[in-house]
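Enquirer: Provided below for reference: sequence and predicted model.
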Amino acid sequence: MPERAKMRKPDVKVVILGDMNVGKTSLLHRYTEKKFKDTVSTVGGAFFLKQWGPYNISIWDTAGREQFHGLGSMYCRGASAVILTYDVTNWQSLTELEDRFLSLTDTANADCIYAIVGNKADLTESSAQGPVPEDGQGEQESVGTELRPTGGGSSSGGGGGGGDALHQKQVNQDDALALYARVLRYKGLDGMACPPGESLCFETSAKTGYNVDVLFETIFDMVLPSILKKRREGEPSTVDLEDCRVPKSIKGGCCA
Amino acid sequence: MSVKAFELVPVVERELLTGDKARINIECLECCGKYLYVGTNDCFIHHFLLEEQTIAKGSVVYLSQKLQQKHLGLKKAVSELKAASALERLIVLCDATIYVHDMLSLEVVPSGSAKIKGVLSFCVNENPVSADPFCVELGVISSRRRAVQIYTVHEDRVQLVKELGTPQQPCALSLDGYFLCLALTSQYMILNYSTGASQDLFPYDSEERKPIIKRIGREEFLLAAPGGLGMFANAEGMSQRAPVNWSEDVVGAAVCFPYVVALDEGFVTVHSMLDQQLKQTLSFRDGHILQDFEGKLVLASTKAVYMLVPLPLERQIQDLLAGNRVDEALTLTEGARRNIPKDRFQILHKRILQQAGFIQFGQLQFLEAKEHFRKGQLDVRELISLYPLLLPASSSFARCHPPLHPFADLNQLTQGDQEKVQRCKRFLISYLHEERSSEGQNGVREEVDTALLKLYAEADHESLLDLLASDNACLLADSAPWLEKHHKYFALGLLYHYNGQDASAVQWWVRVVDGDLQDPTRSDLFEYVVDFLSFCPNLDLVWKHADWALKREQKIGAQIFTKRPVDGDQGSKMNPEDVVTYLQKHSHALVLYLEHLVLDQHVQKEKFHSQLALLYTERVLALLSQPSSPAQALSQARSKLQRLLKESTLYRVQMLLGKIDGVDQLLVEQATLRGRLGEHERALHILVHQLQDRSAAEDYCSWAATPQEPALGQQLFHLLLATYLDPDVPGGVDSVAAVDLLNRHGNMFDAVRVLGILPEGWSLQLLRPFLTAAVRKNAHEQRTAQVALGLARSENLQLLHDRLKTRGGPVVVSEKKGCQLCHNTFSEPDCVCLPGGVPVHTHCAAQRLRDSPTKRRLENGSDHT
Ligand SMILES: Nc1nc2c(ncn2[C@@H]2O[C@H](COP(=O)(O)OP(=O)(O)O)[C@@H](O)[C@H]2O)c(=O)[nH]1
Ligand SMILES: [Mg+2]
């Protein structure tokens, strides 16, 4: 039964970003309803209010389509955590994160947490295949699996040896870690002061549920201080327009 | 998937406005109270009075009456109209100029300065920060500069408050508090006119598509976004609701909670803000304007005006439920929490939850159904009443009206599918079970418990007995026939018992035990009945069934009497005499009962002891008279008898002796009886010489030497010793036996006397254990006595010391001073001084002395000395 949109005020916001078809909606769905079902391409954005202990966490599922790109920074405004999602069988989806989605997070909170999530691990990793839920033969051709040669040199297929006809793994954990480091650099964050990449790079499968709960629970645990801070300060929401006089034009000058 | 949320109702027909002049179009609208203003492209303002009428089935119609129409004297279209009802002004935008007109006469307000020029568009702040009710705040887009201006409109003048430049040309705006929400050429932004702070929202190509900015509440706006979205944004630049997906070419949007209504070229679409789903689509051609005014949704084509009348919420919800769309119905209901009064909401919410529960119940989705029943605080009888025959005949329950569900009963619901019926029953069992354990079911306990009993009985459920054995409200009249029908006779008995009808209970059980009726519930039903009777306070009932039980099996039947609690209240106590008399016919049970009295309860009554001893004796004699009887039985019977003879002092010795005197096999018993008569010599003679059992003789001495008569013990042992040493008996002196006796029971002898009578020639070695024990005993006694003496002396000295000390001064006793021992005050001058001069009550001091360890030690000590 879908959680009804209650009118409770969320304490904190988590946003899922990533190219279309990487499985953002499926991840959220898997976490909230413990199911994997057919999704329709998300239009605009959707959100889910998660009651987590005494806290309300709003999780925004965004649309990866180019068309809705402009809305991304609005969703990210005031976010406490951003889940950057790619598809492990699709190198391009990882590059897109950096090229297209990272800049959307400029509006997120200064202490925002970034997680890098490689979804569809079931396609390449036998350990992530787990018990497939009812719809047994529901496996689609992974979208956009053009095996393009990658400059990053990542096609060694670390999880190989699985015997089954697995898809080619295009993105390795190392690539995700490297991206995480670059995200921190882009944000001008001190790598030492941030949680280590190992704890914020995940490989998941919305299809089998592999690592999905771990992902969300880890993130919720990490945003807890930010919830508490907000509650303590009793501050209205996040961005205070009075203080926000940062000239927007600087954005273009940033070289990544 | 659609709901009927709105109904399209015509308000002003074409004839009233433009007639058949094709070039004349509606440009703008304003609706204020009962007035409707329509601005047209031929520079007219039409003023209508609307009258809302409710006709059959709650449908609404509008009767509109044209009050006036006014030409503004220009050749331009009237492009925007806003009423300021507090000022009775109508603000009109025409030819890039804002004019202020009188709301009723439609005349321009005389004051010449009431005019703003160079205006592209304007809006009214519905949530102004300034509290002046007699002024209206306007946000204005300048057509000459890249700027927005804030004006206040008063009754007779217009005042510029602020002007702010914008990075691009604004083309649409809305205003709330200090926040301007603007559509610029390529993006939306929020501008705080008080601080000048700005916040970009998102890009939007205003030249390609008409931007829409609709204030939907405090600091929240609805915006047309790329990709055919309706995006929500608050003043902080955040989205707090997910966007709705309307269409690319939306020209107008309005909000009527919980719906977002949008107008495009061919349709009016209705999306819910609660789940973002499309709920209704109305086809509407030439749609031109869609606006909400004070909760009214007004829609206009270029020629005519319509109203979108929201259907009552309840009706929408019912429609959803009728389509089994439970989640949507609940979402809609819960979404209305803030929009309807609390008490009304609660009633509605409960009812919808209950209905939702029944829909899910009908689909056998029990988990969900249960949750909704619980939350909706369903009167559980509604549910029970679906199951035929479960409600008690006496129940006054009537289903709620209008009904919560369309089902007559379970059979209709399941269409006779027995498997489904069983699942429904299992659900009801678990539901009622939980209902019972939760409080809150006041007034329906009878129905709940009776229904549960019926279900349990029918399903052969183990909890049936738990239900009946615990506190319950099962109705007897309804439950008894049901249990009988299902052959649950044991349970039936419990039911009768619970209802205070023990006689009926026992009757049913007896019939099962006797095999007249079959109920395998308890294989040990007989034992159960006996146990039941043993606790039964109704003595008549007990007597009535005692015979039956004893005839069936004496050993168990006797428990009716032996297991009766001793500390029962007077009315339920049985007189043992009566029982004994009654049991005469049942000798086995009688023995058991007497044993119970004599051995377990230690009843000190000669009669019982004698009778038991007699019964034991008879049994032994009977066994003796049959040579074939097994040795073990005999020895068992004898040991019982012997034990009784030794332990009891109450039985009639002579009578028993009369029975066994001369029976050679029962010498031990005879000796014991002799002993009871004080004929110890004779007894010992029997044991030593007739039975020739030395250990029996020694046992006898130990037994006869009761702690009350220590001297007798010594005497007996000496007697025994003398018997062994007697040279005149056949066999002569039995020195081995004598030595053994001395060494084993040394402390029972007076050593000095023994030494006097022992034969001269015995070696010391032979008697060593005896002598050692004797010496040790003596030494021990001496020392104990010395210690006691020493202690007594020191205590005496102490007292003497205290006495001397207290002599020194007066002992003050007053009513205010408490006794140290009992802490009560003194009421009399008599007192005792404890060591240290503390005055205490005389009785307290006496008490303390009695309890004092010294005192006790002294007493013990004197025993030893
Ligand atoms: N094998 C596999 N397929 C997935 C997984 N997650 C999503 N998909 C599929 O990928 C497609 C896109 O998923 P969706 O959640 O709509 O992606 P989104 O556009 O990022 O929201 C759908 O066909 C899903 O069934 C996954 O973990 N494993
Ligand atoms: Mg999606």
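Expert: Yes, it's here. Ligands and ions are numbered 1, 2, ... in the order given.

Enquirer: and the stretch 51-200 of chain A, which residues reach chain B?
Expert: For the stretch 51-200 of chain A, the residues in contact with chain B (CB under 8 Å from any CB of the partner chain) are A:58, A:60, A:63, A:65, A:67-68, A:70-71, A:73-75, A:77-78, A:107. No exception for glycine: its C-beta is placed from N, CA and C like everyone else's.

Enquirer: Out of the residues you listed, list just those in strands.
Expert: Within these, residues falling in strands by DSSP state E are A:58, A:60.

Enquirer: Of the residues of the stretch 51-200 of chain A next to chain B - the most surrounded one?
Expert: residue A:75 (31 neighbours; other CB atoms under 10 Å in any protein chain shown).

Enquirer: Turn the residues of the stretch 51-200 of chain A next to chain B into TSV, columns for distance to ligand 2.
Expert: Formatted as TSV, those follow (distance: CB to the ion, whole Å):
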residue	distance to ligand 2
A:58	16
A:60	11
A:63	6
A:65	9
A:67	13
A:68	10
A:70	17
A:71	13
A:73	18
A:74	17
A:75	13
A:77	20
A:78	21
A:107	21
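
Enquirer: Inside helices: which ones of the residues of the stretch 51-200 of chain A next to chain B?
Expert: Counted as lying in helices by DSSP state H, out of these, are A:73, A:74, A:75.

Enquirer: got the residues of the stretch 51-200 of chain A next to chain B as JSON lines, with pLDDT columns?
Expert: Shown next, in JSON lines, are these (pLDDT from 0 to 100):
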{"residue": "A:58", "pLDDT": "91"}
{"residue": "A:60", "pLDDT": "92"}
{"residue": "A:63", "pLDDT": "88"}
{"residue": "A:65", "pLDDT": "84"}
{"residue": "A:67", "pLDDT": "81"}
{"residue": "A:68", "pLDDT": "83"}
{"residue": "A:70", "pLDDT": "83"}
{"residue": "A:71", "pLDDT": "88"}
{"residue": "A:73", "pLDDT": "86"}
{"residue": "A:74", "pLDDT": "89"}
{"residue": "A:75", "pLDDT": "91"}
{"residue": "A:77", "pLDDT": "91"}
{"residue": "A:78", "pLDDT": "89"}
{"residue": "A:107", "pLDDT": "90"}
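
Enquirer: Pick out whichever of the residues of the stretch 51-200 of chain A next to chain B sits closest to residue B:697.
Expert: Using CB to CB, residue A:58 is the member of these that lies nearest residue B:697, at 98.9 Å.

Enquirer: Flag the shaky bits of the stretch 551-700 of chain B, pLDDT-wise.
Expert: B:567-571 (pLDDT under 70).

Enquirer: if you set the cut-off to 90 instead, what comes out?
Expert: For the stretch 551-700 of chain B, the stretches flagged by pLDDT under 90 are B:553-555, B:557-558, B:560-589, B:597-605, B:619, B:621-635, B:637, B:642-651, B:653-700.

Enquirer: Apart from its neighbours in sequence, what residue is nearest residue B:333?
Expert: residue B:352 (4.6 Å; CB to CB, 6 or more residues apart in numbering or on different chains).

Enquirer: Which pLDDT value does the model give the nearest residue to residue A:9 once chain neighbours are set aside?
Expert: For residue A:9, ignoring the flanking residues on the chain, the nearest one in space by CB to CB, 6+ apart is residue A:56 at 6.9 Å. Note on residue A:56: pLDDT of 87.

Enquirer: Who are the contact partners of residue A:56?
Expert: By CB atoms under 8 Å, 6 or more residues apart in numbering or on different chains, residue A:56 lies in contact with A:8, A:9, A:10, A:11, A:12, A:49, A:50.

Enquirer: now do the same end-to-end measure for stretch B:27-46.
Expert: 11 Å (CA to CA, to the nearest Å).

Enquirer: Pull out the buried positions in that stretch.
Expert: B:27-32, B:35-46 (16 or more other CB atoms under 10 Å in any protein chain shown).

Enquirer: hmm, which of the contacts of residue A:56 are the buried ones?
Expert: Among those, those classed as buried by 16+ other CB under 10 Å are A:10, A:11, A:12, A:49, A:50.

Enquirer: Export the residues you listed as a markdown table, with columns for secondary structure, pLDDT and distance to residue B:776.
Expert: Output for those, formatted as a markdown table (DSSP: H, G, I helix; E, B strand; the rest coil; pLDDT from 0 to 100; distance: CB to CB, whole Å):
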| residue | secondary structure | pLDDT | distance to residue B:776 |
| --- | --- | --- | --- |
| A:10 | coil | 78 | 91 |
| A:11 | coil | 83 | 87 |
| A:12 | strand | 89 | 88 |
| A:49 | strand | 85 | 90 |
| A:50 | strand | 87 | 86 |
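
Enquirer: want to throw those into JSON lines with distance to residue B:206?
Expert: Below are those laid out as JSON lines (distance: CB to CB, whole Å):
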{"residue": "A:10", "distance to residue B:206": "31"}
{"residue": "A:11", "distance to residue B:206": "35"}
{"residue": "A:12", "distance to residue B:206": "34"}
{"residue": "A:49", "distance to residue B:206": "33"}
{"residue": "A:50", "distance to residue B:206": "36"}
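
Enquirer: Quick check: residues of chain A near ligand 2?
Expert: With CB under 5 Å from the ion as the criterion, chain A meets ligand 2 at residues A:24, A:25, A:42.

Enquirer: Let me see the backbone angles for the closest residue to the first one other than its chain neighbours.
Expert: Setting aside the residues directly before and after it, residue A:24 is nearest to residue A:16 in space (CB to CB, 6+ apart), at 4.6 Å. As for residue A:16, its main-chain torsions (degrees, to the nearest 10) stand at phi -100, psi 120.

Enquirer: didn't residue A:16 look like it was pressed against residue A:85?
Expert: Yes - applying CB atoms under 8 Å, one finds residue A:16 in contact with residue A:85, separated by 6.0 Å.

Enquirer: These two - which one has more neighbours?
Expert: Taking neighbours as other CB under 10 Å, residue A:16 and residue A:85 compare with residue A:85 leading, 30 against 26.

Enquirer: returning to that earlier point: give the buried subset of the residues of chain A next to ligand 2 as a ChimeraX selection command.
Expert: Applying 16+ other CB under 10 Å to the residues of chain A next to ligand 2, the buried members can be selected in ChimeraX as follows:
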select /A:24,25,42
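
Enquirer: Could you tell me which of the residues of chain A next to ligand 2 belong to strands?
Expert: Using DSSP E, no member of the residues of chain A next to ligand 2 falls in strands.

Enquirer: In TSV, list the residues of chain A next to ligand 2 along with pLDDT.
Expert: Conversion of the residues of chain A next to ligand 2 to TSV gives the following (pLDDT from 0 to 100):
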residue	pLDDT
A:24	94
A:25	93
A:42	83
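
Enquirer: got the residues of the stretch 51-200 of chain B near chain A?
Expert: So the stretch 51-200 of chain B meets chain A at B:190, B:192, B:195, B:197, B:198, B:199, B:200 (CB under 8 Å from any CB).

Enquirer: redo that, cut-off 7 Å
Expert: Contact residues, the stretch 51-200 of chain B versus chain A (CB under 7 Å from any CB of the partner chain): B:192, B:195, B:197, B:199, B:200.

Enquirer: the strands in chain A, which residues?
Expert: Along chain A, counting by DSSP E, strands occupy A:12-18, A:45-52, A:55-62, A:81-87, A:113-119, A:201-203.

Enquirer: Point me to the residue of the stretch 351-500 of chain B nearest chain A.
Expert: Closest contact between the stretch 351-500 of chain B and chain A, by CB to the nearest CB, is at residue B:368 (6.7 Å).

Enquirer: now stretch B:458-478: how far from the chain's centre is it?
Expert: Relative to the centre of its chain, stretch B:458-478 is centred 20 Å away, using CA atoms, centre = their mean, to the nearest Å.

Enquirer: got the end-to-end distance for it?
Expert: 14 Å.

Enquirer: Give me the contacts around it.
Expert: Residues outside stretch B:458-478 that contact it (CB atoms under 7 Å, 6 or more residues apart in numbering or on different chains) are B:392-394, B:425, B:429, B:445-446, B:449-450, B:452-453, B:456-457, B:486, B:488, B:491, B:494-495, B:498-499.
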